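Asks: need a structure here:
(chains A and B)
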Amino acid sequence: MSIQITFPDGNVKSFDAPVTGLAIAQGISPGLAKKAAVIKVNGELWDLTRPIDRDASIAIVTRDKPEALEVIRHDAAHVLAQAVQELFPGTQITFGPATEVGFYYDFAREMPFTDADLETIEAKMREIVKRDLPITREVWDHDAAVRHFEAAGETYKAEWIREGIKVDEELTIYKQGPDWLDMCLGPHLPSTGKLGSAFKLIRVGGVYWRGDANNAQLQRIYGVAFATDDELKAYLKQVEEAEKRDHRKLAKQLDLFHQQEEAPGMVFWHPKGWAIWQAVEQYVRGVYRKSGYQEVRGPQIMDVSLWKKSGHWDNYQDNMFFTESEKRTYAVKPMNCPGHVQIYNAGLHSYRDLPIRYAEFGGCHRNEPSGALHGIMRVRAFTQDDGHIFCTAAQVEAEVTAFHRQAMQVYADFGFTDLSIKIALRPEKRLGTDDVWDRAEEALRAALRSAGVEWTELPGEGAFYGPKIEYHLKDSIGRAWQVGTMQVDFMMPERLGAEYVDEASQRQHPVMLHRAIVGSMERFIGILIEHHAGALPFWLSPVQAVVAPIVSDADGYATEVCELLKDAGLRADTDLRNEKINYKIREHAMHKIPVIIVVGRKEAEEKTVTLRYRGVEVQETVALADVVARLKALG
RNA sequence: GCCGGGAUAGCUCAGUCGGUAGAGCGACUGAUUCGUAAUCAGUAGGUCGCAGGUUCGAUUCCUGUUCCCGGCACCA
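Replies: Reported below is the predicted structural model:
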């Protein structure tokens, strides 16, 4: 029997018997064999040691390729698992995949791992790498695998094979050395030695078996892994830098806001933080006006009867705060929509009036689980740039399209271009007919399509009343947060009795679109802080300029300059402290003030100012008469 | 909410194998008026998160609790 192997360059070589990727690589050059991680066989990644027994086109994948990196990380997970089982007998293995930057493995063990264990485990991993155990692939019978894992006390693994793997599916076992094995799809490196040294365990954490909070809790160990030590080093450096951008840290340094025990999940905005808020709010208010919204304001608490009608009592009660007075129970609003419907319902509407667009900087309280709270990104009291559009079914697509364009412009104005867009589709538990859902989902797709953007779809993650578009931004350490959203709602208007009179004098329920661009003011400002590392653009900076005199003789002039800026609507301060100019510059530079205006005797005499821009070494001296225009040009 | 870790001066942190705490920065006072990233000297400042327990004695050990951090679950 002879097989034909086709190489990436089109060359064909024939072999008399099944041949492994490693042998092919060695045939080309020992150097290639050394660098090889896996082999691509007819487009599929295979182990280098797996015999190729039929004609195939192949490509050796060296360890510097992205596809190899995933294998390296996956291998690291398995070496981690072996290390843990060698160190802590009786610990059960479950799953251990590669992740975006590394890997993790979930273990079942009575005693949770501690940070101190990580060091020990990592050392054991390095030892296993040094042993250079061969990694071999075997195909096992389904029953045999179940029997093996049950006999070994590996109940999670056995359960997964029984329930998660079909009997006729190919079941592969990977052995590391003679004694240790795990069930795995592969592929893997030829031996543990190939893993190299560019990995590091970073944290432990509890997780639920199969991601279900009703199940047992497992212990997850996270690690990072790269092809080379330099890449690992660069990654760790990057993480260190990212941590400096943490909005919680910067808020303290820049005196923006604080949070305290008596108000968990809520924010005390300090003057500088609130100045940012005001800048964002004024900007968004302008967007409301330009895009046809009327700003309204609903009450903060309303009788529970209203929330029973809206469906929140049944579906959202756990997340709501309640309060009582004179034998009536009120709910603190977790959303603004029911309030807006009351405003809509206060008058009679004709189809000619639609679409009607209401907007509100709506303060909401949601009783979020304590473990979900995170700085100002996830809070219990927040303000949405909320809006509700009441329109006909025919108007939905145009409204969604217009919203999307506007939203993208807003993100760009704040400096964000890297957004991910998702459409959350019908969930299993839902209201309305399939036909209505088809139309609603298609309307969202059509709107995004016409805007020429890419999106991913999340089946089953829509709201019970309708599908939604979600706009996500990432924080400094890569966690994605939803900011904007556009939701199509066919249910709420009916439940709360919203109507309009159509062309035939018939009363109809309008469609309601729930939409937000920045989402939560708190979260958005948090992301802004991290995205700009605290150095906010001029128009958002809480203090845009500080006027710093060099000698006290110039104090009067400095005050005059500052007043001029304030009169022009700029946020400016003076620094008249008895300190050297070096000291003042250092301090304001660290506070990330966009412009430091230095005035000495010379400036006072000549009626000029010397401008020092954030992050720029050179200064420029301009006439006092020009300074406002110069600053305003900064945006 | 679940698992783990943490909480010491305004901030960043050190420390006490149980004998009630210390640095730097900041603040305050005084001197200094010095042209582009820290002038010098002095002073004040702490229920060691909160509540119990063990102990002659607890900031330290134990239990509970609150909040924070990481992970998971949750996130209309």
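
Asks: Tell me the residues of the stretch 201-350 of chain A that contact RNA strand B?
Replies: Contact residues, the stretch 201-350 of chain A versus RNA strand B (C-beta under 7 Å from any atom of the strand): A:203-208, A:211-213, A:217, A:219-220, A:222, A:248, A:252, A:259-261, A:264-265, A:315-316, A:319, A:334-335. (C-beta placed from N, C-alpha, C; glycine too.)

Asks: Tell me the buried residues within those.
Replies: For these, a burial check counting by 16 or more other C-beta atoms under 10 Å picks out A:Val204, A:Val207, A:Gln219, A:Arg220, A:Tyr222, A:Arg248, A:Gln259, A:Gly265, A:Tyr316, A:Pro334, A:Met335.

Asks: Reformat those as CSV; add secondary structure.
Replies: Listed next are these as CSV, based on DSSP: H, G, I helix; E, B strand; the rest coil:
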residue, secondary structure
A:Val204, strand
A:Val207, strand
A:Gln219, strand
A:Arg220, strand
A:Tyr222, strand
A:Arg248, helix
A:Gln259, coil
A:Gly265, coil
A:Tyr316, coil
A:Pro334, coil
A:Met335, coil
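
Asks: For those residues, could you give me CSV that also reports pLDDT?
Replies: Listed next are those as CSV, based on pLDDT from 0 to 100:
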residue, pLDDT
A:Val204, 92
A:Val207, 95
A:Gln219, 95
A:Arg220, 96
A:Tyr222, 96
A:Arg248, 96
A:Gln259, 95
A:Gly265, 96
A:Tyr316, 89
A:Pro334, 96
A:Met335, 95
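
Asks: Show me how far stretch A:477-489 is from its chain's centre.
Replies: Distance of stretch A:477-489 from the chain centroid (C-alpha atoms, centre = their mean, to the nearest Å) equals 9 Å.

Asks: what about that stretch, near RNA strand B?
Replies: Yes. Stretch A:477-489 lies within reach of RNA strand B by C-beta under 7 Å from any atom of the strand, at A:Arg479, A:Gln482, A:Thr485, A:Gln487.

Asks: quick one: buried residues of the host helix or strand of the second one?
Replies: So the one you mean is A:Gln482. In this assignment (DSSP states H and E), A:Gln482 forms part of strand A:480-489. With burial defined by 16+ other C-beta under 10 Å, the residues of strand A:480-489 counted as buried are A:Trp481, A:Gln482, A:Val483, A:Gly484, A:Thr485, A:Met486, A:Gln487, A:Val488, A:Asp489.

Asks: Now the element after whichever helix in chain A runs longest, going C-ward?
Replies: Ordering each helix of chain A by length in residues (DSSP state H) puts helix A:66-87 first. Later in the chain than helix A:66-87, the nearest helix or strand by DSSP H and E is strand A:92-93.

Asks: Show me what that following strand is in contact with.
Replies: The list of residues contacting strand A:92-93 from outside it, by C-beta atoms under 8 Å, 6 or more residues apart in numbering, reads A:81, A:84-85, A:105, A:107-109, A:153-157, A:182.

Asks: redo that, cut-off 6 Å
Replies: For strand A:92-93, the surrounding residues in contact (C-beta atoms under 6 Å, 6 or more residues apart in numbering) are A:Ala81, A:Ala108, A:Glu154, A:Tyr156, A:Asp182.

Asks: again, but for stretch A:162-169
Replies: Residues contacting stretch A:162-169 (C-beta under 6 Å, 6+ apart): A:His142, A:Val146.

Asks: neighbours of whichever residue of the stretch 301-450 of chain A sits closest to RNA strand B, just the number please.
Replies: Here the stretch 301-450 of chain A gets closest to RNA strand B at one residue, A:Gly371, 1.7 Å apart by C-beta to the nearest atom of the strand. Look at A:Gly371: counted by other C-beta atoms under 10 Å, it has 7 neighbours.

Asks: swap in the one 4 residues further on?
Replies: The burial metric for A:Gly375, expressed as a neighbour count using other C-beta under 10 Å, is 21.

Asks: Repeat that for A:Ile128.
Replies: 21.

Asks: quick one: contacts for it?
Replies: So A:Ile128 contacts A:Val79, A:Gln82, A:Ala83, A:Thr192 (C-beta under 6 Å, 6+ apart).

Asks: between those residues, which has the most around it?
Replies: A:Val79 (29 neighbours).

Asks: Tell me where the stretch 51-200 of chain A has strands.
Replies: A:51-52, A:56-62, A:92-93, A:102-108, A:135-140, A:171-176, A:180-183, A:199-208 (DSSP state E, counting those that start in this stretch).

Asks: Kindly report the same for the stretch 451-600 of chain A.
Replies: A:456-458, A:468-474, A:480-489, A:500-501, A:507-508, A:511-520, A:545-549, A:572-574, A:595-599.

Asks: starting at the chain centroid, how far to the fourth one?
Replies: Strand A:500-501 has its average C-alpha position 41 Å from the chain's average C-alpha position, going by C-alpha atoms, centre = their mean.

Asks: returning to that earlier point: now do the longest helix of chain A against strand A:102-108: the angle between them, please.
Replies: 30 degrees (axes from the mean of the first three to the mean of the last three C-alpha atoms, to 10 degrees).

Asks: Low-confidence ranges, chain A, go.
Replies: A:1 (pLDDT under 70).

Asks: Domain boundaries for it, per the record?
Replies: A:2-62, A:67-242, A:252-531, A:545-632 (automatic domain parsing).

Asks: What's the nearest residue in the stretch 501-635 of chain A when you look at RNA strand B?
Replies: Nearest to RNA strand B in the stretch 501-635 of chain A, going by C-beta to the nearest atom of the strand, is A:Gly600, at a distance of 2.6 Å.

Asks: show me the contacts for that residue.
Replies: A:Ile550, A:Ala554.

Asks: how much space between it and A:Thr610?
Replies: A:Gly600 is 8 Å from A:Thr610, where distance means C-beta to C-beta, to the nearest Å.

Asks: that older thread, and which of the buried residues of strand A:480-489 is nearest RNA strand B?
Replies: Distances from RNA strand B to these, taken by C-beta to the nearest atom of the strand, are shortest for A:Gln487, at 5.5 Å.

Asks: Now do the strands in the stretch 201-350 of chain A.
Replies: Using DSSP E, counting those that start in this stretch, strands in the stretch 201-350 of chain A cover A:217-225, A:257-258, A:268-269, A:294-295, A:301-303, A:321-325, A:328-332.

Asks: Out of those strands, which one sits most buried?
Replies: strand A:217-225 (a mean of 21; mean count of other C-beta atoms under 10 Å).

Asks: quick one, that strand and helix A:66-87 angle?
Replies: Using the same axes, to 10 degrees: strand A:217-225 against helix A:66-87 is 130 degrees.

Asks: okay, strand A:217-225 in CSV with CA atoms only?
Replies: Taking Å, rounded to 0.1, in the frame of the first residue of the first chain, the C-alpha atoms of strand A:217-225 are listed here in CSV:
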residue,chain,number,x,y,z
GLN,A,217,-18.7,23.6,42.9
LEU,A,218,-15.3,22.8,41.3
GLN,A,219,-11.9,24.5,41.6
ARG,A,220,-10.6,26.1,38.5
ILE,A,221,-6.9,26.9,38.1
TYR,A,222,-6.1,29.5,35.4
GLY,A,223,-2.8,29.9,33.7
VAL,A,224,-1.3,31.8,30.7
ALA,A,225,0.9,30.2,28.1
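
Asks: quick revisit: name the residues that touch the strand holding A:Gln482?
Replies: With C-beta under 6 Å, 6+ apart, strand A:480-489 has contacts from A:377, A:400, A:403, A:407, A:440, A:465-474, A:512, A:514-519, A:523-524.

Asks: 8 Å instead, please
Replies: By C-beta under 8 Å, 6+ apart, the residues outside strand A:480-489 that reach it are A:337, A:377, A:396, A:400, A:403-404, A:407, A:411, A:420, A:440, A:443-444, A:463, A:465-475, A:511-520, A:523-524, A:527.

Asks: can you check stretch A:328-341 too?
Replies: A:296, A:298-304, A:306-307, A:310, A:312-313, A:316, A:319-324, A:358, A:360, A:362-366, A:384, A:386, A:388, A:489, A:492-493, A:496, A:498, A:512, A:514.
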